[in-house]
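Novice: what's the 3D shape of this:
(chains A and B)
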Amino acid sequence: MSNYPASFRYTKEHEWVLVEGDTGTVGITDHAQSELGDIVYVDLPQVGSTMAQGETFGSVESVKAVSDLYAPVSGDVTAINDALAKAPEKLNSDPHGEAWLVKVKLTHPDEIQHLLSAEEYQSYIEG
Amino acid sequence: MAAASTLRQTPLFARHLALGAKTIDFGGWDMPVQYTSILEEHKAVRERVGLFDVSHMGEIEIEGPEALALVNYVTTNDAGKLKDGQAQYSALLYPHGGFVDDILVHRVNERHYFLCVNASNQEKDFAHIVENSLDAHGRERFQAKVTFVSADYAQIAVQGPRALELVQELCEAPLADIRYYHFVDGTVAGLSARIARTGYTGEDGFELYVKPADSPALWDLLLGKGKAYGILPCGLGARNTLRLESAYPLYGHEIDASIFPPEAGLNWIVKQAKGDFVGRDQVVEKLEEGVWRKLAGFEMVGRGIARDGYPVLADGTAAGWVTSGGPSPTLGRNIGLCYLPVEIAEEGRKIEIQIRNQPVEARVVKTPFYKREKP
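Specialist: Reported below is the predicted structural model:
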């Protein structure tokens, strides 16, 4: 069973963000990894770059297809998950935990209000 | 894209759903793309055995005293070289020399040929063959009957180094006696089947043509008996990575109406000496003049995965396009096929693949990317 943490906020493009203070941790959802299948490559932005809500900030590729990553929030990238370059398959096994993608310093914290709650996301993907 | 309700299903569709397959619209068919993992399914076929539902493929029969003459007139290879129980890879061409489809021609006997064609092309192929069997006045040129028989057949492919042992468990006939690209009409688990030693994975294996109503029972038996061999049901995702490693063309990617056989590296299935066939004049002209582009294999040097349709650059200039690309699970490298000007399509040549507006280095390599070691 998929388990969508209540502390996360979600996009209809299947990213999640966990906001703690002024930092947001961003990843893809379990539903996204399941739809993509075996993930073999992750393209992430550089530390120091900026991302804007709704804009693409990278991509993930599975054996069969490439899929854009859309920023759930705007911010300055403060960290990227380097481990994914060597072990992209972690996105299949632990998308809500160990396989986070980037951390950002939020520039527009209010944006989070436009995102889906865990409950809303779950009914969106089941709809 | 067609709405879900209008997609065609094979007689094994309920099996796929029960196995938890993800399905996709493949040329109008609702087909399994993967059951668990493309990588695991790919590996099962390379190392053990995999089971594929390929019932979406089309079948056409050509029968009559002049069946051979008609087959040879509409296809490029020489069906006159076939013996009973032998199959050959061939193609249907338009009069201008481009591909209608690539196909398998099976000789049942001298008056009976059985064609296996691509799913999404089957109606077009049938119409093409019928049209070319008639003269300008709509009269039959050959004493041969062309019949569209796709609805009479389901097709299950059993592929991998353990395929022979597995299928043999369900067969009395000694399968090791069936040579590659040969077939017998017999029974598997008591069900009538055309048992062909053919495939689209680069491994040894069989393609079993059975009655649609018999196919679920055969599927279940193969999966059940196959457990001891480490069998996995495999979807179109693994079928694609397997055929790409073997550099087998896929209609709509490496070949289509705009591509001529010499460009696709398929001169070997064009037999001019057999006499006239649809598209012959144009292909012979291309062979004599030489073609300006050809299909080439490449592997990525820089980080990135090439995908179908990505532009290819040589020395910073547009040079061609990727026809198929992706990761090679067996080699652990990112590979692809592309069309390039002949002078650039040389082994070792540095090229660049335009990946999402970023040129990434690649180099031309020889194909196939993977070839199994024959015992």
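
Novice: need the strands for chain A, in chain order.
Specialist: With DSSP state E, the ranges of strands along chain A come out as A:9-10, A:15-20, A:23-28, A:39-43, A:50-51, A:56-62, A:66-70, A:75-80, A:102-106.

Novice: Tabulate those (CSV), appending distance to B:Ser192.
Specialist: For the C-beta atoms, the positions are set from N, CA and C on the backbone; glycine is no exception. Output for these, formatted as CSV (distance: least, Cβ to Cβ, whole Å):
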stretch, distance to B:Ser192
strand A:9-10, 53
strand A:15-20, 53
strand A:23-28, 49
strand A:39-43, 42
strand A:50-51, 61
strand A:56-62, 40
strand A:66-70, 44
strand A:75-80, 59
strand A:102-106, 59
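
Novice: Output those in JSON lines; the columns should cover mean neighbour count and mean pLDDT.
Specialist: Listed next are those as JSON lines, based on neighbours: other Cβ atoms under 10 Å in any protein chain shown; pLDDT from 0 to 100:
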{"stretch": "strand A:9-10", "mean neighbour count": "24", "mean pLDDT": "98"}
{"stretch": "strand A:15-20", "mean neighbour count": "20", "mean pLDDT": "98"}
{"stretch": "strand A:23-28", "mean neighbour count": "23", "mean pLDDT": "98"}
{"stretch": "strand A:39-43", "mean neighbour count": "21", "mean pLDDT": "95"}
{"stretch": "strand A:50-51", "mean neighbour count": "20", "mean pLDDT": "97"}
{"stretch": "strand A:56-62", "mean neighbour count": "21", "mean pLDDT": "96"}
{"stretch": "strand A:66-70", "mean neighbour count": "18", "mean pLDDT": "95"}
{"stretch": "strand A:75-80", "mean neighbour count": "18", "mean pLDDT": "98"}
{"stretch": "strand A:102-106", "mean neighbour count": "20", "mean pLDDT": "98"}
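
Novice: To B:Leu93, which of these lies closest?
Specialist: Among these, the nearest to B:Leu93 by Cβ to Cβ is strand A:66-70 (33.7 Å).

Novice: and that closest one, which strands flank it?
Specialist: Within its sheet, and counting by DSSP bridges, strand A:66-70 is paired with strand A:56-62 (antiparallel).

Novice: angle of the strand it pairs with against strand A:23-28?
Specialist: 40 degrees (axes from the mean of the first three to the mean of the last three Cα atoms, to 10 degrees).

Novice: Dump stretch A:14-31 to PDB, restricted to CA.
Specialist: Only the C-alpha atoms of stretch A:14-31 are listed here, as PDB (Å, rounded to 0.1, in the frame of the first residue of the first chain):
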ATOM      1  CA  HIS A  14       3.700  13.900  -8.600                       C
ATOM      2  CA  GLU A  15       6.400  15.700  -6.700                       C
ATOM      3  CA  TRP A  16       6.300  16.200  -2.900                       C
ATOM      4  CA  VAL A  17       7.800  18.800  -0.700                       C
ATOM      5  CA  LEU A  18       8.400  18.800   3.100                       C
ATOM      6  CA  VAL A  19       8.800  22.200   4.600                       C
ATOM      7  CA  GLU A  20      10.800  22.600   7.800                       C
ATOM      8  CA  GLY A  21      11.500  26.200   8.700                       C
ATOM      9  CA  ASP A  22      12.500  28.000   5.500                       C
ATOM     10  CA  THR A  23      13.800  24.800   3.900                       C
ATOM     11  CA  GLY A  24      11.900  22.600   1.500                       C
ATOM     12  CA  THR A  25      13.000  19.000   0.700                       C
ATOM     13  CA  VAL A  26      11.700  17.900  -2.600                       C
ATOM     14  CA  GLY A  27      11.100  14.500  -4.100                       C
ATOM     15  CA  ILE A  28       8.900  12.400  -6.300                       C
ATOM     16  CA  THR A  29       5.900  10.400  -5.100                       C
ATOM     17  CA  ASP A  30       5.600   6.700  -4.800                       C
ATOM     18  CA  HIS A  31       2.900   6.800  -7.500                       C
END
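
Novice: pLDDT value on residue 124, please?
Specialist: Just going to use chain A. Here the pLDDT value assigned to A:Tyr124 is 96.

Novice: was after chain B, sorry
Specialist: We note a pLDDT of 98 for B:Lys124 in this prediction.

Novice: so the residue of the stretch 151-300 of chain B found nearest chain A is in which element?
Specialist: Of all residues in the stretch 151-300 of chain B, B:Gly237 sits closest to chain A, at 5.1 Å by Cβ to the nearest Cβ. If you go by DSSP states H and E, B:Gly237 is part of helix B:236-245.

Novice: what does that helix rub up against?
Specialist: When contacts are defined by Cβ atoms under 8 Å, 6 or more residues apart in numbering or on different chains, helix B:236-245 is touched by residues A:37, A:63-64, B:24, B:26, B:31-34, B:38, B:41-42, B:44-46, B:50, B:52, B:54, B:159, B:200-203, B:250, B:324-331, B:335-337, B:368-370.

Novice: Filter those residues down to the buried ones, PyMOL style.
Specialist: Here is the PyMOL selection string for the buried members of the contacts of helix B:236-245, based on 16 or more other Cβ atoms under 10 Å in any protein chain shown:
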select buried, (chain A and resi 37+63+64) or (chain B and resi 24+26+31+32+33+34+38+41+42+44+45+46+50+52+54+159+200+201+202+203+250+324+325+326+327+328+329+330+335+336+337+369+370)
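
Novice: Can you spell out the domain ranges of chain B, please?
Specialist: B:4-55+B:153-245, B:58-151, B:292-365 (automatic domain parsing).

Novice: Any stretches of chain B with poor pLDDT?
Specialist: Counting by pLDDT under 70, the ranges of chain B that qualify are B:1-5, B:375.

Novice: how about the residues of it near chain A?
Specialist: Within chain B, the positions lying close to chain A (Cβ under 8 Å from any Cβ of the partner chain) are B:22, B:33-34, B:37-39, B:237, B:240-241, B:303-305, B:307, B:326-327, B:329, B:356.

Novice: hmm, try it at 7 Å
Specialist: By Cβ under 7 Å from any Cβ of the partner chain, the residues of chain B that approach chain A are B:33-34, B:37-39, B:237, B:241, B:305, B:307, B:326-327.

Novice: among these, which two are most distant?
Specialist: Across the residues of chain B next to chain A, no pair lies farther apart than B:Ser37 and B:Arg307, at 19.5 Å, counting by Cβ to Cβ.

Novice: ranges for the helices of chain B?
Specialist: Taking DSSP state H, the helices of chain B run over residues B:13-18, B:38-47, B:67-74, B:122-132, B:163-169, B:215-226, B:236-245, B:280-289.

Novice: would you list these in TSV and tack on distance to B:Ala189?
Specialist: What follows is the helices of chain B, written out as TSV (distance: least, Cβ to Cβ, whole Å):
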stretch	distance to B:Ala189
helix B:13-18	16
helix B:38-47	21
helix B:67-74	31
helix B:122-132	27
helix B:163-169	9
helix B:215-226	5
helix B:236-245	24
helix B:280-289	44
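
Novice: quick revisit: let's see the helix holding B:Gly237 as PDB, backbone CA atoms only.
Specialist: Provided in PDB are the C-alpha atoms of helix B:236-245 (Å, rounded to 0.1, in the frame of the first residue of the first chain):
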ATOM      1  CA  LEU B 236       6.700  -4.900 -24.300                       C
ATOM      2  CA  GLY B 237       9.200  -2.800 -22.300                       C
ATOM      3  CA  ALA B 238      11.600  -5.800 -22.000                       C
ATOM      4  CA  ARG B 239      10.800  -6.900 -25.600                       C
ATOM      5  CA  ASN B 240      12.000  -3.500 -26.700                       C
ATOM      6  CA  THR B 241      15.300  -3.400 -24.700                       C
ATOM      7  CA  LEU B 242      16.000  -6.900 -25.800                       C
ATOM      8  CA  ARG B 243      15.500  -6.300 -29.500                       C
ATOM      9  CA  LEU B 244      17.400  -3.000 -29.300                       C
ATOM     10  CA  GLU B 245      20.500  -4.800 -27.900                       C
END
